[in-house]
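[1] Sequence and predicted structure, then a few things I'm wondering about:
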Amino acid sequence: MKKEFKVGNKVLDENSPAYIIAEMSANHGGSLDRALELVRVAKEIGADCIKIQTYTADTLTIDSNKEYFNIKKGTWTGENLYELYKQAHTPWEWQKTLKEEADKIGIDFLSTPYDFSSVDFLEELEVDFYKIASFELIDIPLVKYIASKKKPIIMSTGMATLGEIEEAVNAIRDEGNEALCLLRCSSAYPAASEDMKLKIMDLLSKTFDVKIGLSDHSMDSIGAIAAVAMGAKVIEKHFCLSRDIETADSSFSMEPEEFKKMVADIRQTEKVMGNTSFRLSEKEKGNRMFRKSIFVVKDIKQGEIYTEENIRIIRPGYGLAPKHYQEILGKKASKDIEWGEPIEWNMIE
C-alpha cells in the first residue's frame, strides 16, 4: 500500500484530484512585476501550486567558453551554459516576495534547488516541500541533502535509467524520508508525443511503491489528460503570460487560456473516471424503467396458457425481468389480463 504523500495541506491519495503545478521557470523575463503577475495568474487559471527554480549561473556551472559549455542542439542551440543560466535564473532576492504573494492569495509555493546553498536558502524561506529536477537526479549528494530536510519530494525522472532512478530513490529513503512522488518526464523542449511513454508511470509506481505524475514539456494537454486517466497525481507544466514575450522557456510554455483549459479538461477527466462504486446516479435510477421486461401482447383469459404469441420481452421495465420468460411459458394465467399489461407473479397460477 502506497504511503501517504502530502503537499501543502493537500493529501494525495486514490480519491484526491490531481495536483497541478504551474512552472514559471524563466518566463518572468527578468521582471519582478511579471514574476508576481505569473503567481497571480497561476492561481486564476486553476493551478494548485506555482513553481520557480533556485539557482544562479555560478551555482550551476562555471563561466567558460570551452566547447563543453556550449549547447550544440535543441531549443538553446548556440547558447553558452553560463550565459543562459545567468539570463534565465530567478533572482534570489525576489523569492521571499514571490512566496509571500503566493501565501497571500492562497496558492502553494514550490522551488527546485540545484545545490546545497539553494537548499539552505529555501529552508530559510520555510518551504513545505521540494522538487528535484531530472538533470539533478544523478547528483546523489544533493538528493540526499534535500531528503535530509524530511520534507516531501517530487522528483522528475527524465533521461534516467531505471537503475539511476533506483539509486536516487534509495538515497532519499536512506535519509529516512518516505514522502516521495516520481514524475515521468521527457527531457526535451518541447517534448514529442512519441517520446512521452506514459506507461512508464505504472512501472515506477509498482517498482518503487510511490505516487506518480507527469512533468509535461509538450505543447498541448493530451499527455497531461492521459496521465491523469492513468493515475497521475501530480501534473507539472510550464506556463507564460504570452509566448510573444520571448524568454528562455516561452517557446514550449502554455499561455494562460491554454493552461486554464487543460485544468478544466483534467477535472472533467477525473469526473469521467469516477470510482469503482456501482451505485446508480439519480438519472440512471430513473432510466431503469426503460429497460426490458415481460408484457402481455394479446388479451389473455383466466386459465389460458402463456405462449410466445401472447407474452413478449419488450421495453419498458415495469414487468418481471426477462430472465423469467422461459419459466412463465406454459403456465396458466390466474386472471383475465389485457393487452399491454406488464406481467407480475400474481398473474401466474
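    Received, thanks. Here the structure is a predicted model, which is why all the values come from computation and not from measurement. Residues are numbered from 1 along each chain as shown.

[2] Now the phi/psi pair for Lys283, please.
    phi -70, psi -40 (degrees, to the nearest 10).

[3] From Phe290, how far off is it?
    To Phe290, Lys283 is 12 Å away according to CB to CB, to the nearest Å. (C-beta placed from N, C-alpha, C; glycine too.)

[4] Show me the helices in the stretch 151-300 of the chain, by range?
    Secondary structure of the stretch 151-300 of the chain by DSSP state H, counting those that start in this stretch: the helices cover 162-174, 199-208, 222-229, 256-273, 282-287.

[5] right, and the ones you listed - which one's nearest Cys185?
    Closest of the helices of the stretch 151-300 of the chain to Cys185 is helix 199-208, at 9.5 Å (criterion: CB to CB).

[6] With just CA atoms, put the closest one into CSV.
    Only the C-alpha atoms of helix 199-208 are listed here, as CSV (Å, rounded to 0.1, in the frame of the first residue of the first chain):
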residue,chain,number,x,y,z
LYS,A,199,3.2,3.7,-19.4
ILE,A,200,6.5,4.1,-17.6
MET,A,201,4.4,5.8,-14.8
ASP,A,202,2.8,2.5,-13.9
LEU,A,203,6.2,0.8,-13.9
LEU,A,204,7.5,3.5,-11.5
SER,A,205,4.5,3.1,-9.2
LYS,A,206,4.8,-0.7,-9.0
THR,A,207,8.6,-0.8,-8.7
PHE,A,208,9.0,1.9,-6.1
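
[7] which residues touch that helix?
    Around helix 199-208, the neighbours that count as contacts under CB atoms under 8 Å, 6 or more residues apart in numbering are 2, 157, 162, 165-166, 169, 180, 182, 184, 210-214, 227, 230-232.

[8] what about it, average pLDDT?
    Across helix 199-208, the average pLDDT comes to 96.

[9] now do stretch 113-131
    98.

[10] for stretch 57-71, same thing?
    Here the average pLDDT along stretch 57-71 is 95.

[11] Give me the distance from it to the chain's centre.
    In terms of CA atoms, centre = their mean, to the nearest Å, the centre of stretch 57-71 is found 35 Å from the chain centre.

[12] got the end-to-end distance for it?
    15 Å (CA to CA, to the nearest Å).

[13] quick revisit: so for Glu93, which of the helices of the stretch 151-300 of the chain sits nearest?
    When these are ranked by proximity to Glu93 (CB to CB), helix 256-273 comes first, at 26.3 Å.

[14] what ranges do the helices span in the stretch 1-150 of the chain?
    So, for the stretch 1-150 of the chain - with DSSP H, counting those that start in this stretch - the helices run 32-44, 57-60, 81-88, 92-105, 116-124, 140-147.

[15] Nothing else from me, thank you.
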